[in-house]
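>>> Mind folding the following:
(one chain, ligands or ions: 1)
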Amino acid sequence: MWGNIMSDEKKPVRKKLKAAADVSRFMAEYYYELDAASKKGKPKIAWCSSVGPAEILRAMGFLVYFPETHSAMLGATRMATELIPEANALGYSPDICSYLTADIGAFLRGVTPLSKIYKGIESIPKPDVLVFNTNQCRDVQDWFSWYGQKFKAPVLGIYTHRNVGKVTEAHVASIAKQMEALIEPLEKVSGRPFQLDELKRVVALSRECSQLWKEVLETATVKPSPLTFFDGTTLMGPAVVGRGTQKAVDIYKTLLAELKDRIKKNEGALQDERFRLYWDGMPVWGRLRAHSELFSDLKANVLASTYCNSWIFSTLDENDPFDTMAKAYTELFIVRSDSEKETYFTNMLELFKVDGVIYHDAKTCPNNTNCRYGMPQRLEQKTGIPSLIINADLNDLRLISDEQTKTNVEAFIEQLEENQN
Ligand code: SF4
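Predicted coordinates:
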């Protein structure tokens, strides 16, 4: 089957984006700033879950650290797998979030990928406060509580409705109230009074960042797509850790200009994009490069995903910061009911003109896995677009069979090829 597509041709070239270097620089500066603050004890540091209330924390003068991004680095550097048992020994099951288990394992072992990547950084930044939102899962609550005890720092939480159909005013009001209730305890930690104008400024920047990130991702609607999902997983760094800052806005303006330039020149991210694929679920961090090559060698561009779209918060509005933050963080895909998710998928597959869907069944993250209750079958019936399930994990490489993945992906692309003929 390999020969059918590749025959005697050369392997397709995957082209690098120049703005990727800007993103790397942004991330380096971000971690050095946190490290300096951690060593000096100021500015204060707040830990935040990836879709937690970062705008509030930033507006109150905290530097914001996201443990999930650190855990993704543990995965990408393939450090995670051997660290997970450390957390298992404390009673955190190998079946729960391997971000949590790898991250706690790394702390117990006293290691971090930050010190491998950024010279002079020896450890993760110490939290003055930890703030989570259960909109994505309950695991963040357990994860942050563990560190709260370790560092003797307060842990604050927003408890979100899950499996939400239509987002109602009652949902928004209850979450907005919880967000407002964070202010007083955060003032105690930060030592400075909350200023509404500052929150409005940060929310406006966060909204601008979100809009630009959306436009970046939507450049992939063009044929050939100037972007791949695998590029997106690293390019999204500033949207996750830098939302609410001018620097993140500037980065995405540059990136968007480069992608538009590619479109003008009819230049795809793959030299020859024959199949357009959608990825649902978490990336397999320790196999990003291998998966990128696996697909591109088959002339298949995985160009859109639910995952990268998770940091689009279109509802944010500085004129009504609390209600719109509550709405934006509740209407996220991961928070929604299956029927809302199906509608979302249907729109995305059409928007990105997709030939096939890859579902990642991530063993330790049921929250970001959408193929366990018949969704792929229902969507195939509705859209006629075929799909493939890959059984793997975000961080635990013991749960992955590379051979099986390769065989299944090759067979899937062969099926797509037959459909095209
Ligand atoms: S959503 Fe999944 S990967 Fe992310 S913290 Fe929760 S369980 Fe872990």
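>>> Doesn't T233 lie inside a helix?
Yes - when DSSP: H, G, I helix; E, B strand; the rest coil is applied, T233 is found to be in a helix.
>>> so how many other residues sit close to whichever residue of the stretch 301-421 of the chain sits closest to the ligand?
Across the stretch 301-421 of the chain, no residue is closer to the ligand than C365, which sits at 3.3 Å (Cβ to the nearest ligand atom). C-beta: built from backbone N, CA, C; applies to glycine. By the criterion of other Cβ atoms under 10 Å, C365 has 22 neighbours.
>>> Is it in contact with D95, as I believe?
No - between C365 and D95 there is no contact under Cβ atoms under 8 Å: 10.4 Å.
>>> OK, contacts around the residue of the stretch 301-421 of the chain closest to the ligand?
C97, S98, Y99, C137, G281, M282, D393, L394 (Cβ atoms under 8 Å, 6 or more residues apart in numbering).
>>> what's the closest non-adjacent residue to the second one?
It stands for S98. Of all residues not flanking S98 in the chain, N395 sits nearest, at 3.8 Å (Cβ to Cβ, 6 or more residues apart in numbering).
>>> Surely that neighbour forms part of a strand?
No - the assignment for N395, made by three-state DSSP, is coil rather than a strand.
>>> Which residues are in contact with it?
71-72, 74-75, 80-81, 84, 98-99, 101-102, 285-286, 364.
>>> Swap in 6 Å and give it another go.
Neighbouring residues of N395 by Cβ atoms under 6 Å, 6 or more residues apart in numbering: G75, A80, S98, A102.
>>> Relative to E68, how far out is it?
Distance, N395 to E68, using Cβ to Cβ, to the nearest Å: 11 Å.
>>> rewinding a little: pick the one among the contacts of N395 closest to A173.
S98 (35.1 Å; Cβ to Cβ).
>>> Give the burial count for that closest one, as a bare number.
33.
>>> Local confidence estimate at it?
On pLDDT, S98 comes in at 98.
>>> ok, it touching D396?
Yes - S98 lies in contact with D396 (Cβ atoms under 6 Å); the separation is 4.4 Å.
>>> Tell me how far Y159 lies from the ligand.
15 Å (Cβ to the nearest ligand atom, to the nearest Å).
>>> Please report phi then psi for that residue.
Phi and psi for Y159, reported as degrees, to the nearest 10, are phi -110, psi 110.
>>> so who does T219 touch?
P226, L227, L259.
>>> Swap in 10 Å and give it another go.
By Cβ atoms under 10 Å, 6 or more residues apart in numbering, the contact list for T219 reads S225, P226, L227, L255, L256, E258, L259, K260, R262, I263, A269, L303.
>>> what residues are shared contacts of N395 and E68?
The contact sets of N395 and E68 overlap at C97, Y99, L100, D103 (Cβ under 10 Å, 6+ apart).
>>> Which pLDDT value does the model give P185?
If you check P185, the pLDDT there is 98.
>>> cool, and V240?
97.
>>> what's the helix or strand harbouring it packed up against?
Element membership for V240 (DSSP states H and E) is helix 237-241. Where contact means 3 or more Cβ pairs under 10 Å, 6 or more residues apart in numbering; DSSP states H and E, helix 237-241 is packed against helix 19-40, helix 67-76, helix 196-218, helix 246-264.
>>> I'd assumed V249 was in contact with P238.
Yes - if you go by Cβ atoms under 10 Å, P238 and V249 touch, sitting 8.8 Å apart.
>>> who has more neighbours, the two?
Legend: neighbour count by other Cβ under 10 Å for P238 and V249, higher for P238 (25 against 22).
>>> And the more buried one, how far from the ligand?
Separation of P238 from the ligand (Cβ to the nearest ligand atom) stands at 19 Å.
>>> Skip ahead from the helix or strand in which S296 is found and say which helix or strand is next.
Assigned by DSSP H and E, S296 belongs to helix 288-297. Per DSSP H and E, helix 288-297 leads on to strand 300-305 as the next helix or strand towards the C-terminus.
>>> Counting by contacts, list what that following strand packs against.
Contacts defined by 3+ Cβ pairs under 10 Å, 6+ apart place strand 300-305 against helix 196-218, helix 229-235, strand 275-280, helix 288-297, helix 338-351, strand 356-362, helix 402-420.
>>> Now render the ones you listed as a markdown table, adding distance to S24 and mean neighbour count.
Formatted as a markdown table, the helices and strands packed on strand 300-305 follow (distance: least, Cβ to Cβ, whole Å; neighbours: other Cβ atoms under 10 Å):
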| stretch | distance to S24 | mean neighbour count |
| --- | --- | --- |
| helix 196-218 | 16 | 20 |
| helix 229-235 | 8 | 23 |
| strand 275-280 | 23 | 24 |
| helix 288-297 | 15 | 18 |
| helix 338-351 | 28 | 16 |
| strand 356-362 | 25 | 24 |
| helix 402-420 | 27 | 15 |
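>>> Just put the ones you listed in TSV and tack on mean pLDDT and distance to the ligand.
Output for the helices and strands packed on strand 300-305, formatted as TSV (pLDDT from 0 to 100; distance: least, Cβ to the nearest ligand atom, whole Å):
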stretch	mean pLDDT	distance to the ligand
helix 196-218	98	19
helix 229-235	97	13
strand 275-280	98	13
helix 288-297	97	15
helix 338-351	97	14
strand 356-362	98	7
helix 402-420	96	19
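>>> Including distance to C371, could those go into TSV?
Below are the helices and strands packed on strand 300-305 laid out as TSV (distance: least, Cβ to Cβ, whole Å):
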stretch	distance to C371
helix 196-218	22
helix 229-235	17
strand 275-280	7
helix 288-297	17
helix 338-351	11
strand 356-362	4
helix 402-420	13
